[in-house]
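Participant: have a look at this prediction, sequence included:
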Amino acid sequence: MRLILLGPPGVGKGTQASAIVKKYNVPHISTGDIFRANIKDGTELGKKAKEYMDKGLLVPDELVVSIVKDRLTKEDCVHGFLLDGFPRTINQAEALDKELTKMGIKLDKVVNIDADKEILIERAVGRRICKTCGSSYHVKFNPPKVENLCDIDNGELFQRDDDTHETVATRIEVYLNQTQPLIDYYQEKGIILNIDGTKPIDEVFETIVKALGDN
Ligand SMILES: [Zn+2]
């Protein structure tokens, strides 16, 4: 199963990614992770990437694609993979297609977990975290028994700085602007699966599995 996973911040993409890789026994390939691994191991690609990152520059598409391609040739990818955080641009998507063609394989599906922007904002803005143990609550969907206090240890709950309405809205907006062209690109190829991410976690996962069918 060769998959790409797309989804806006706060839609629960990480949780679904974990469940998918477990079910299909494929590696979860996040570009952030492979970059960090390459830099840590001091590979040529890692050194090049670090030069850009140290300068606060975006790593060029060409280099990102090389690093991903290198990762896809590893043995654990023989039965497929789940790409997360890549591709981000049409350019990268086209480069990926070319590399996969050279390898004699192709993508099966692009799983696009979607949710209404207002719902994502409400989820993020209502999130509260325990100062003591880090447990997560939601003022509306998962409130503590006593307002503002952790059920487990009575710790005080706080809201993360980047969970304000404005920051969350911007975060989602940036994501949507960046990703819509990609969604269109894969839509045209007929391999996109639009999944409603507002449903409970288990239900979202079941929908994904059903939609993937016997691939
Ligand atoms: Zn706590």
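Facilitator: Looks like it came in fine. Please read these numbers as outputs of a predicted model, since none were measured by experiment. Numbers count the residues shown, from 1 in each chain.

Participant: residue contacts, L58?
Facilitator: Y52 (C-beta atoms under 8 Å, 6 or more residues apart in numbering). Heads up, the C-betas are built off the backbone N, CA and C, glycines and all.

Participant: separation between it and V146?
Facilitator: 46 Å (C-beta to C-beta, to the nearest Å).

Participant: could you give the mean pLDDT of the helix of greatest length in the chain?
Facilitator: Across the chain, the longest stretch assigned as helix under DSSP state H is helix 165-189. For helix 165-189, the mean per-residue pLDDT is 94.

Participant: and that helix, how far from the chain's centre?
Facilitator: 12 Å (C-alpha atoms, centre = their mean, to the nearest Å).

Participant: packing partners of that helix?
Facilitator: Applying 3 or more C-beta pairs under 8 Å, 6 or more residues apart in numbering; DSSP states H and E, we find helix 165-189 packed against strand 2-6, helix 90-103, strand 109-114, helix 117-125.

Participant: what does it contact?
Facilitator: 4, 6, 8-10, 87-90, 93, 110, 112, 117, 120-121, 124-125, 161-162, 192.

Participant: ok, 10 Å please
Facilitator: 4, 6-11, 87-90, 92-94, 97, 106-107, 109-110, 112, 114-115, 117-118, 120-125, 127, 160-164, 191-194 (C-beta atoms under 10 Å, 6 or more residues apart in numbering).

Participant: now do it and strand 2-6, the angle between them.
Facilitator: 150 degrees (axes from the mean of the first three to the mean of the last three C-alpha atoms, to 10 degrees).

Participant: return the set of buried residues in helix 165-189.
Facilitator: Neighbour counts using 16 or more other C-beta atoms under 10 Å place 168-169, 171-172, 175, 179, 182-183, 185-186 of helix 165-189 among the buried residues.

Participant: now the helix or strand encompassing R128: mean pLDDT?
Facilitator: For R128, the host element (DSSP states H and E) is strand 127-130. The average of the pLDDT scores along strand 127-130 is 95.

Participant: which residues does it contact?
Facilitator: Taking C-beta under 10 Å, 6+ apart as the rule, strand 127-130 contacts 10, 135-139, 141-144, 147-160, 163, 168.

Participant: 6 Å instead?
Facilitator: 136-138, 150, 155, 157-159, 163 (C-beta atoms under 6 Å, 6 or more residues apart in numbering).

Participant: restrict those to contacts with the ion.
Facilitator: Filtering these for neighbours of the ion using C-beta under 5 Å from the ion leaves 150, 155.

Participant: among the contacts of strand 127-130, which ones are buried?
Facilitator: Buried among the contacts of strand 127-130 (16+ other C-beta under 10 Å): 137, 150, 155, 157, 163.

Participant: and those, which is closest to E206?
Facilitator: Y137 (25.6 Å; C-beta to C-beta).

Participant: tell me how far G7 lies from S136.
Facilitator: 19 Å.

Participant: and what of D70?
Facilitator: 36 Å.

Participant: L83: which element?
Facilitator: Counting by DSSP H and E, L83 is part of strand 81-84.
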